[in-house]
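Undergrad: sequence and computational prediction follow.
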There are 2 protein chains.
Amino acid sequence: MESQVGNKQAKKCSLDEFALFAELGSKFSDALKSVASEMLEYMAAETIYAAGVSAQHFYILHDGYVKLFKTTSNGKDQIIRIVKAGEIFGFDGFVDIRYNHSAVPLKYATVCRVPVEQLNALGESRAEVERLIMMHCIKELQHADERLLELGAKRSQEKLASFLLAWCNTTPVGEWTPLVLSRLDIAQLLGLTIETVSRLFAQWKREGVVIERHQALQIVDLQKLTLVAHSHE
Amino acid sequence: MESQVGNKQAKKCSLDEFALFAELGSKFSDALKSVASEMLEYMAAETIYAAGVSAQHFYILHDGYVKLFKTTSNGKDQIIRIVKAGEIFGFDGFVDIRYNHSAVPLKYATVCRVPVEQLNALGESRAEVERLIMMHCIKELQHADERLLELGAKRSQEKLASFLLAWCNTTPVGEWTPLVLSRLDIAQLLGLTIETVSRLFAQWKREGVVIERHQALQIVDLQKLTLVAHSHE
DNA sequence: CGGTTGGTTGATGCTGGTCAAGGTTCGTGG
DNA sequence: CCACGAACCTTGACCAGCATCAACCAACCG
């Protein structure tokens, strides 16, 4: 229950390889290289960190997907955010002693784990990196605002439709998007039940709005889906 | 529609008077004083900024309460956050061109408005201030996580109960807490309707869990309310 | 006063949750 | 290679929680 990390290879990882920090420019490359960090791999069953645990690292997702979630006292989970490759997560440690939520990979994840006190190793560059983190944090806040709107002011169809649109938004129409989330994940993300998610999928597949195979999804009728996402019925 | 600000007195306000910045220590006092900013007063009908508008200032709330909210395409509002005196808001401008949500006072508000480019006036102190903002931003994120849990995974009673507990948490039991929110505000905050909020209040007043007068509230049976907040019925 | 705004309460119905039964997929071991 | 079990998904029947609609009330204010 405690040491999921014992068996992992602790290869070092270099921060300057991440696109996140590219905008700082190459002159920070040396400082970034001096940060002690390690690359770790997790499978679906393992937790990266659990809510309430001492928050000593922040993470950058190298590959895979990670879900961040909170659990109510009744044991219901709410997914806060799905982290995608290249994104940063787990910065509670900058402010707080403990993590505020839990982090678990969807299927698998390789992450770069950085001790928060390693920010000191950045020396001159520290301010720049902190500004970067600040900006990403603000973006996260904007994203959270959007999710609050979804959870609080939308009906099931609108929720699922806008989620699918957001999930596939990088993919051109007529192509498959991998859908790594299970029905349960989607339900916990949108504040619904597995059954309603399943029913909506079934309906839209019947109507030819989307098609699904194995773990991939294709939006066929984009217009219809955007209509549903905004139209309250 | 455009210039709610024309008729306001534009008294300067000094950042170093805010408790927010006190933790920086007195040596930053001079730098903070050099920031150009103005004190503005708004009434309930006026908007401080609207979603989509060019984001050129951030704000510190001096007095009153401010609600931040987003509106769906169907015109339903979702309150993101209630800002209390001393807190900072509206930092979209650090990252984005436009505000992501709207800000309106609950009854009235006096705010200190700071142009984002004034961060440059901070000189040496800039990094420290940005770190401070980063930390407050992370706290906001944690707060948003909690709200996501509330909106997505709780039932009406749990929502209202935990909101009331959070709202009154500074007040000792047996004392009145001012409740500046209307039923509509509470409904839009919790993703409910006015009617259900009203009904729950009525029920709890009948049961002697809370008492209410004019614009103030007192939690009588704290234990009962915490039970409701966590117990799923 | 009468109008307006905000709050209460009741009757009714729909959305989505709950419960339950079967189907699919997939991995494991015989 | 097939059989079995576990995890996940689907579908149906039923129900409850909350929204909706509507009428009424209280406070406030010109």
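TA: Yep, that arrived.
Undergrad: could you chop chain A up by domain?
TA: Per automatic domain parsing, the domain ranges recorded for chain A read A:11-151, A:154-230.
Undergrad: DNA strand C is nearest to which of these?
TA: Closest approach to DNA strand C among these (Cβ to the nearest atom of the strand): domain A:154-230, 3.2 Å. All C-beta spots, glycine's among them, are computed from the backbone N, C-alpha and C.
Undergrad: isn't A:Phe18 up against A:Ala85?
TA: No. A:Phe18 is not in contact with A:Ala85 according to Cβ atoms under 8 Å; the separation is 9.8 Å.
Undergrad: overlap in contacts of these two?
TA: A:His62 (Cβ atoms under 8 Å, 6 or more residues apart in numbering or on different chains).
Undergrad: follow-up on the earlier one: so which of the domains of chain A is the most packed in?
TA: Greatest average neighbour count among the domains of chain A goes to domain A:11-151 (a mean of 18), per mean count of other Cβ atoms under 10 Å in any protein chain shown.
Undergrad: tell me which residue is most central in chain A.
TA: Nearest residue to the geometric centre of chain A (Cα atoms, centre = their mean): A:Val83, 1.4 Å.
Undergrad: got the contact list for that one?
TA: Contacts of A:Val83 by Cβ under 8 Å, 6+ apart are A:61, A:65-68, A:89, A:103.
Undergrad: ok, and of those residues, which contact chain B?
TA: A:Leu68 (Cβ under 8 Å from any Cβ of the partner chain).
Undergrad: hang on, the earlier thing: ok, what's across the strand from the residue nearest to the centre of chain A?
TA: A:Val66 (DSSP bridges).
Undergrad: same check, this time on A:Phe89
TA: According to DSSP bridges, beta-bridge pairing links A:Phe89 with A:Tyr59.
Undergrad: quick check: it touching A:His57?
TA: No. A:Phe89 is not in contact with A:His57 according to Cβ under 8 Å; the separation is 10.5 Å.
Undergrad: mind checking how far A:Lys11 is from A:Val35?
TA: 14 Å (Cβ to Cβ, to the nearest Å).
Undergrad: no wait, A:Cys168
TA: 35 Å.
Undergrad: check A:Arg183 too.
TA: Distance from A:Arg183 to A:Val35, by Cβ to Cβ: 39 Å.
Undergrad: what of A:Glu212?
TA: 42 Å.
Undergrad: can you check A:Ile138 too?
TA: 23 Å.
Undergrad: go on, A:Ala55?
TA: Taken as Cβ to Cβ, the span from A:Ala55 to A:Val35 is 18 Å.
Undergrad: and the pLDDT for the closest residue to A:Val228 other than its chain neighbours?
TA: Nearest residue to A:Val228, sequence neighbours excluded (Cβ to Cβ, 6 or more residues apart in numbering or on different chains): A:Ala161, at 4.3 Å. Looking at A:Ala161, its pLDDT is 97.
Undergrad: how about the one 4 residues further on?
TA: On pLDDT, A:Leu165 comes in at 96.
Undergrad: that one touches A:Leu227, doesn't it?
TA: No. Using Cβ under 8 Å, A:Leu165 makes no contact with A:Leu227, being 10.9 Å away.
Undergrad: A:Ile211 is in contact with A:Lys205, isn't it?
TA: Yes. Using Cβ under 8 Å, A:Ile211 is in contact with A:Lys205, at 6.5 Å.
Undergrad: who in chain A is up against DNA strand C?
TA: Contact residues (Cβ under 7 Å from any atom of the strand) of chain A with DNA strand C: A:155-157, A:191-193, A:195-196, A:214, A:233.
Undergrad: will you turn the residues you listed into TSV that also has pLDDT and secondary structure?
TA: Supplementary listing: the residues of chain A next to DNA strand C in TSV, determined by pLDDT from 0 to 100; DSSP: H, G, I helix; E, B strand; the rest coil:
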residue	pLDDT	secondary structure
A:Arg155	97	coil
A:Ser156	97	helix
A:Gln157	97	helix
A:Gly191	98	coil
A:Leu192	98	coil
A:Thr193	98	coil
A:Glu195	98	helix
A:Thr196	98	helix
A:His214	86	coil
A:Glu233	62	coil
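Undergrad: from those, which are also near chain B?
TA: When Cβ under 8 Å from any Cβ is applied, the members of the residues of chain A next to DNA strand C adjacent to chain B are A:Gly191.
Undergrad: can you pull out the helices in chain A?
TA: Using DSSP state H, the helices of chain A run over A:19-22, A:29-33, A:126-153, A:156-168, A:183-190, A:194-206, A:222-230.
Undergrad: make TSV from the residues of chain A next to DNA strand C and add distance to B:Asn74 to it.
TA: Below are the residues of chain A next to DNA strand C laid out as TSV (distance: Cβ to Cβ, whole Å):
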residue	distance to B:Asn74
A:Arg155	10
A:Ser156	14
A:Gln157	12
A:Gly191	18
A:Leu192	19
A:Thr193	23
A:Glu195	25
A:Thr196	20
A:His214	35
A:Glu233	10
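Undergrad: report the two of the residues of chain A next to DNA strand C separated the most.
TA: Within the residues of chain A next to DNA strand C, two members stand farthest from each other by Cβ to Cβ: A:His214 and A:Glu233, at 31.1 Å.
Undergrad: distance of A:Leu122 from chain B?
TA: Noted for A:Leu122: a distance of 11 Å to chain B, by Cβ to the nearest Cβ, to the nearest Å.
Undergrad: distance of that residue relative to A:Ser37?
TA: In terms of Cβ to Cβ, A:Leu122 sits 12 Å off from A:Ser37.
Undergrad: same check on A:Trp176?
TA: Taken as Cβ to Cβ, the span from A:Trp176 to A:Ser37 is 34 Å.
Undergrad: my read: A:Asp96 touches A:Ala55, true?
TA: Yes. Using Cβ under 8 Å, A:Asp96 is in contact with A:Ala55, at 6.1 Å.
Undergrad: quick one: name the residues of chain A near DNA strand D.
TA: Counting by Cβ under 7 Å from any atom of the strand, chain A sits next to DNA strand D at A:182-184, A:194-195, A:197-199, A:201-202, A:212.
Undergrad: show me where pLDDT drops low in chain A?
TA: Residue ranges of chain A with pLDDT under 70: A:1-10, A:232-233.
Undergrad: who's in contact with A:Leu192?
TA: Here A:Leu192 is in contact with A:156, A:159-160, A:186 (Cβ under 8 Å, 6+ apart).
Undergrad: how does it look with 7 Å?
TA: A:156, A:159 (Cβ atoms under 7 Å, 6 or more residues apart in numbering or on different chains).
Undergrad: phi and psi next, for it.
TA: Main-chain dihedrals, A:Leu192, degrees, to the nearest 10: phi -130, psi -170.
Undergrad: for A:Asn120, see how far away it is.
TA: For A:Leu192, the distance to A:Asn120 - Cβ to Cβ - is 44 Å.
Undergrad: now A:Ile138
TA: A:Ile138 is 24 Å from A:Asn120, by Cβ to Cβ.
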